[in-house]
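[1] predicted model and sequence follow; I will ask about them next.
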Amino acid sequence: MELNDGNLQTLTEFLRKTLDPDPAVRRPAEKFLESVEGNQNYPLLLLTLLEKSQDQVIRVCAAVTFKNYIKRNWRIVEDEPNKVSDPDRTAIKANIVNLMLSSPEQIQKQLSDAISIIGREDFPQKWPDLLTEMVTRFRSGDFHIINGVLRTAHSLFKRYRHEFKSNELWSEIKLVLDTFALPLTELFKATIELCQTHATDVNALKVLFSSLTLISKLFYSLNFQDLPEFFEDNMETWMTNFHGLLTLDNKLLQTDDEEEAGLLELLKSQICDNAALYAQKYDEEFQPYLPRFVTAIWNLLVSTGQEVKYDLLVSNAIQFLASVCERPHYKHLFEDQNTLTSICEKVIVPNMEFRSADEEAFEDNSEEYIRRDLEGSDIDTRRRAACDLVRGLCKFFEAPVTAIFSGYVNSMLSEYAKNPGGNWKHKDAAIYLVTSLASKAQTQKHGITQANELVNLNEFFVNHILSDLKSPNVNEFPVLKADAIKYVMIFRSQLPKEQLLQAVPLLISHLQAESTVEHTYAAHALERLFTMRGPNNSTLITAAEMAPFTEQLLNNLFKALALPGSAENEYIMKAIMRSFSLLQEAIVPYIPTLIGQLTHKLLLVSKNPSKPHFNHYLFESLCLSVRITCKANSATVSSFEEALFPVFTEILQNDVQEFLPYVFQVMSLLLEIHANSIPSSYMALFPHLLQPALWERTGNIPPLVRLLQAYLEKGSATIAGSAADKIPGLLGVFQKLIASKANDHQGFYLLNSIIEHMPPESIIQYRKQIFILLFQRLQSSKTTKFIKSFLVFVNLYCVKYGAIALQEIFDSIQPKTPLLQALIGLFELPEDDSIPDDEHFIDIEDTPGYQTAFSQLAFAGKKEHDPIGDAVGNPKILLAQSLHKLSTACPGRVPSMLSTSLNAEALQYLQGYLQAATVQLV
């Protein structure tokens, strides 16, 4: 693609079409851009547009498209073509920093992200001058440029917060500190001075406080891994200024908005984070500064209101206290009973209250509420922080803290009892307090695993939780109902089984609640209960115990999917999957109606897949339906095919990339159930499965290989008879896979199935070429994984066609291959952990591009297949016996051949095999 006006014009038109709400216009434009993005100059055309286009919308669109292009293509993957040409890479790196700094903020943010993606791959080795180029801009005095540099540095360095320690990481951080720490400190001091100079200029202050917030974020990233010598030497400068900013209150920066945090709140929140980091990790060095920070943050907490805009600040401030109170040498600060009472009264209890803002979120933004409350992403909520502070205080002061809170809990519950309709929020806070007091240790899998022995959880359940669960009107007080359900869910490992069984039918009835949060919690609680393990590792709750409720459970789960706001509720779909898994054959009578509902749902979501987890559990549920029903009666497989194939055909025709790997897995499962024949509907699809475009996407490879293996197992004679012209295509797929280090094992899976199942005469003409390809790869780049797969193939070939045929083909290509040595190596080499484990359950990636990863369906799992079956018990003993047999037929020849062709180590192993088999060579 030339850099000319014609191409810029074409690109502008297609970018405009990608913004069109009509899929008929938008999709072809997206496909066109996808088809040309491999061309040289494509990214440079985008950069030209975002710099020079007269249309602001096109400039922003070009910036977003460019960032996504970089995200998809910049990383160089071994064995795969370089997707960005070298001249383009050089040109991008030469121009992007300048371009980013001179662009308006909306575009600057996109380019800043792009720089950090490139930096992650290329900095420092392939982009050594990036930092110096950025640091020189600090001297410009233009805070639009300075903030652009700071924003980019933040997105580049924030990964230091979660990277594992390594020499490579240390040397990179050292390089960054040597170049960046001093200019950053100078900039920090200069910016604070400017704040004083412009104390009455609100516009200047806004820009300066944005800079201070970014500088504080960079401080956190650069200090996270270890305390750098530079920052230790300059601690006085940083901490004195941080403390000054914490206590600063400039009326000009206060906002009227009750929801959105202002610049002052954001800056103070980050400073609380920085102080907590030092208190936790560098407490010795930080000790001289700690008391004044505790005082400042305490004053901040008791003087800050309940508005939503202060949430992040309050939660970070509480987290600071939480991190301080659980360190042994700060415990003297909290020992006094009055201090503890004051913390409980002024900080913890007020921040556990259910505010009207929380009530609004519960009703109108349930997805966000659930995400924060259930999934623990509520790190920045007041309640979570208060809960962590309770836990921290309980570490050294469990008895006094429990005593103080018990008084609060009792008074809240008695307030509720006086007027349940008006005072229900008191009970909500009481339940939350009890939960935070009782929870010592928690896991996703088991809920609370360690509880405070001073809190009687069973008694509280019977006296205060059960009444809400049993209430006949599931729509009354939905917040308290959700609290009660959550209590059962998180204390499931602490409550006795009879109480859990008592809760199950009550939870099933809550699936009908109108409140999205309430019916979602009910589904999630059931799903968690169904995964609990009993004493003999079977499920704690059995299918027999569920028998009285099976019909109502399935009915209510499927009805819940029809409730407003829950059409693609992943918790409900996961509960459906888990119910199928628990109930097993008990679901068979219901499948004819349920499969229709599942396929209808699949058809709807395939139009616009947007919820990766929901879609995954939907396919898992389909697999379970097929497995369980066909286990009872394999003939029912055809009725599943009738229901599913129309939807699958539509997904394949529309190339719904997210769903293809799933469809191939379900089709494999269906085909594997057939007896040794292959229906014509599958054969019609066979040629399409060999199309190169499908194999370009890495996520398709494992399920497609498995599907082709199922074709070979069930229909090799049909393929050899009516589709012999497709055999070269099949071998072409093998050739492509074998060339890649990442996918060569998949190539061997396919080849082994071809050798095992295809009639010998159908592949005789290709055999020598197959071996030549394998030997070429062995010579060019052999890996442990490849050698191991190769030996398995050679042994399978030998079993199928005989040793002489194998030796002949070897001699025709490469005489005197030391096979015996290689075989002993196969027995004795350590396991290579790079071999993928087919049953490993991969977490679904919750990223917008999640279709690129392959998500294994746990319930479409394939049984391990051994082509030798039970014919060979111990292969080492079989080798010894076979050599013994050969040496008896040719006395004296075998030992001399072995001693000249095997190395000493292999001979030693072989001697062990002969002793184990109690035979010797003659």
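    That came in fine, so what should we check first? Numbering: from 1, shown residues only.

[2] mind telling me what element Pro434 is part of?
    Careful, residue 434 is Val and not Pro. Using DSSP states H and E, Val434 maps to helix 424-438.

[3] how far away is the closest residue to Arg151 other than its chain neighbours from Asp122?
    Spatial nearest neighbour of Arg151, excluding adjacent residues (C-beta to C-beta, 6 or more residues apart in numbering): Ser112 at 4.9 Å. The C-beta positions use only the backbone N, C-alpha and C, and glycine is treated the same way. Using C-beta to C-beta, to the nearest Å, Ser112 is found at 16 Å from Asp122.

[4] neighbour count for the two, which is higher?
    Ser112 (26 against 17; other C-beta atoms under 10 Å).

[5] part of a helix, is that one?
    Yes: read with DSSP: H, G, I helix; E, B strand; the rest coil, Ser112 is one of the residues of a helix.

[6] max-length helix in the chain?
    Of all segments of type helix in the chain, defined using DSSP state H, the longest is helix 382-418.

[7] any weak-confidence spans in the chain?
    376-379, 441, 443, 814-819, 822-823, 826, 829-853 (pLDDT under 70).

[8] burial count for Ile595?
    Ile595 has 20 nearby residues by other C-beta under 10 Å.

[9] what's whichever helix or strand it is part of packed up against?
    In this assignment (DSSP H and E), Ile595 forms part of helix 591-606. Judged by 3 or more C-beta pairs under 8 Å, 6 or more residues apart in numbering; DSSP states H and E, the packing partners of helix 591-606 are helix 550-560, helix 612-632, helix 637-653.

[10] tell me which element the residue nearest to Gln552 when sequence neighbours are not counted is part of?
    Closest residue to Gln552 in three dimensions, ignoring its sequence neighbours and counting by C-beta to C-beta, 6+ apart: Ile508, at 5.5 Å. Take DSSP H and E as the rule and Ile508 turns out to sit in helix 497-510.

[11] alpha carbons only: can I get the helix or strand that comes right after that helix in PDB?
    Next along the chain after helix 497-510, taking DSSP H and E as the criterion, comes helix 516-530. Extracted in PDB, the C-alpha atoms of helix 516-530 (Å, rounded to 0.1, in the frame of the first residue of the first chain):
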ATOM      1  CA  THR A 516     -31.300  -9.300  39.300                       C
ATOM      2  CA  VAL A 517     -28.900  -9.300  42.200                       C
ATOM      3  CA  GLU A 518     -31.200 -11.700  44.300                       C
ATOM      4  CA  HIS A 519     -31.800 -14.300  41.600                       C
ATOM      5  CA  THR A 520     -28.100 -14.100  40.500                       C
ATOM      6  CA  TYR A 521     -26.900 -14.700  44.000                       C
ATOM      7  CA  ALA A 522     -29.400 -17.700  44.300                       C
ATOM      8  CA  ALA A 523     -28.000 -19.200  41.100                       C
ATOM      9  CA  HIS A 524     -24.400 -18.600  42.300                       C
ATOM     10  CA  ALA A 525     -25.100 -20.100  45.800                       C
ATOM     11  CA  LEU A 526     -26.600 -23.200  44.300                       C
ATOM     12  CA  GLU A 527     -23.700 -23.600  41.900                       C
ATOM     13  CA  ARG A 528     -21.200 -23.300  44.700                       C
ATOM     14  CA  LEU A 529     -23.100 -25.800  47.000                       C
ATOM     15  CA  PHE A 530     -23.200 -28.300  44.100                       C
END
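
[12] report the angle between helix 516-530 and helix 612-632.
    40 degrees (axes from the mean of the first three to the mean of the last three C-alpha atoms, to 10 degrees).

[13] who does helix 516-530 touch, helix- and strand-wise?
    Using 3+ C-beta pairs under 8 Å, 6+ apart: helix 516-530 touches helix 366-374, helix 478-490, helix 497-510, helix 550-560, helix 570-583.

[14] just the helices from the stretch 201-350 of the chain, written as ranges.
    With DSSP state H, counting those that start in this stretch as the criterion, the stretch 201-350 of the chain has helices at 202-224, 229-233, 235-247, 263-281, 283-286, 290-303, 311-325, 337-343, 349-352.
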